[in-house]
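Enquirer: With the sequence up front, the predicted model follows.
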Amino acid sequence: MSPLKKVILFCHRWLGFISGIIVFVVSITGCIFCFQDEIQDAMYSYRHVEPQSRGYVQPSALIDAVKKDFPKASPDFIIYYGIDRPASVLANVGNGGYEYVFLNPYTGKITYHENPQTNFFIIVEYLHLYLLLPPAIGKWVVGIAVIIFVVIMITGIILWWPKRKSDRKRSFTIKWGGRWRRINYDLHNVLGFYATSIALILAITGLAIAFEPVSKGIYNVANLGTDVKNEIEEPKSDSLKLTGIAKQPVVDIAFAYARQHVPAAQMYMIHNDPAVSGAIGVGAYAKSMHYSHADGFEFDKYNGKLLKEYIYDKKSPGLKLNEMNYDIHVGQIIGIPGKIIAFITSLICASLPVTGFIIWLGKRKKTKSKARKIRGAVHHKTHKKQMQGV
């Protein structure tokens, strides 16, 4: 092995020790989360409603229904998931707590509510994102481990890549008939190779979700370094100019406008967060439970005036790509086949620290055994010489 490859092997091995446990946890939780919508749909009846010919009730009616049960609730998000799914309100109920309230979108009746922190898949998501640490700390721990894992994958390819063409067929296949150590070696190298391209995509999209600089970098690269000003500028309320107060709730105005202009959308999400100064926004999504291919509208939260719109066909490549991050990360950008690919890739990523550790352990034992044999041989020769001297 060349000196350069020895250095790469050293980095590959010790970076693996540093990040291995975190990569294992993040990858396993990613596997579980991939099919969380399908699993919860099968388990919980409240995630379905009977479609009706009458239209949805207004968002303000959903808010009123929630406030009857949770008087201090602040409805940060209101979501209409689709004609055969419930509406939901994510309500801030004070003291840093939230409540997910599900309602029949045709009647406004509450059908179920839960604290998100008690939902198994939300716990899995927080474990995946933050290792259940405080988010400000956890995202850095996970983020650094993911960056290290990217380096490990690249160094792994360099170490594994066969020098001769005659070795390539053997290097790209697992020798199932070999001894278990050989099978483990092949599982680490061959599966690692096949998973690398998808794993890199999952890693980068995950980092983009967690870190704004990564998201901004993707935006700039896709837009060839050009900022589209009308996309990055935040809308500002002109209510201080005394242009009047809306005669009906602005959430209703926003929802009606989005439905009128994007009638084919399957899902509508309204952000009504009081922390967002001056604006109420609504996103109209092409497919239910998918967060790309959306048109967006921002309204003055006092008078209901349209401040800004984001029409999908007019969005820059960078903005479109950033909005695809979640769908790409969980594989649903291409439907169930994509989720299966993401699941298998995450499973392979979880296995790599385990198989890699077994390889290291085997080599360590082999080195110790060899050292013992050498010491034994030296001792035998020394003893023989001593006897001859006598």
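Expert: Nice, I can see it.
Enquirer: Model confidence score at Ser239, please.
Expert: For Ser239, the model assigns a pLDDT of 55.
Enquirer: can you check the one 3 residues further on too?
Expert: Each residue has a pLDDT score; the one for Leu242 is 47.
Enquirer: Of all the helices and strands in this structure, which has the lowest average confidence?
Expert: When the helices and strands of the chain are scored by mean pLDDT, DSSP states H and E, helix 168-171 comes last with a mean of 68.
Enquirer: Which parts of the very next helix or strand once past that helix count as buried, going by neighbours?
Expert: Downstream of helix 168-171, the first helix or strand assigned by DSSP states H and E is helix 180-186. For helix 180-186, burial by neighbour count (16 or more other C-beta atoms under 10 Å) applies to 184-186. All C-beta spots, glycine's among them, are computed from the backbone N, C-alpha and C.
Enquirer: likewise stretch 281-290?
Expert: Buried residues in stretch 281-290, counted by 16+ other C-beta under 10 Å: 281-285, 287-288, 290.
Enquirer: out of those, which are inside strands?
Expert: 281-285 (DSSP state E).
Enquirer: pLDDT weak spots in the stretch 101-250 of the chain?
Expert: In the predicted model of the stretch 101-250 of the chain, residues 165-170, 237-246 satisfy pLDDT under 70.
Enquirer: Quick one: the helices in the stretch 251-390 of the chain, in order.
Expert: 317-323, 325-329, 336-389 (DSSP state H, counting those that start in this stretch).
Enquirer: To clarify, my last question referred to the stretch 101-250 of the chain.
Expert: 120-130, 135-160, 168-171, 180-186, 192-210, 212-222, 229-232, 250-261.
Enquirer: Val23: which of the ones you listed is closest?
Expert: Smallest distance to Val23 across these (C-beta to C-beta): 5.1 Å, for helix 135-160.
Enquirer: tell me the angle of that closest one relative to helix 192-210?
Expert: If you take axes from the mean of the first three to the mean of the last three C-alpha atoms, to 10 degrees, helix 135-160 sits at 160 degrees to helix 192-210.
Enquirer: buried residues in helix 135-160?
Expert: 138-139, 142-143, 145-149, 152-153, 155-156.
Enquirer: about what we covered before: for Gln332, which of the helices of the stretch 101-250 of the chain is the nearest?
Expert: Across these, closest to Gln332 is helix 192-210 (C-beta to C-beta), at 11.9 Å.
Enquirer: Show me how this structure divides into domains.
Expert: 1-44+121-228+333-390, 50-105+235-315 (automatic domain parsing).
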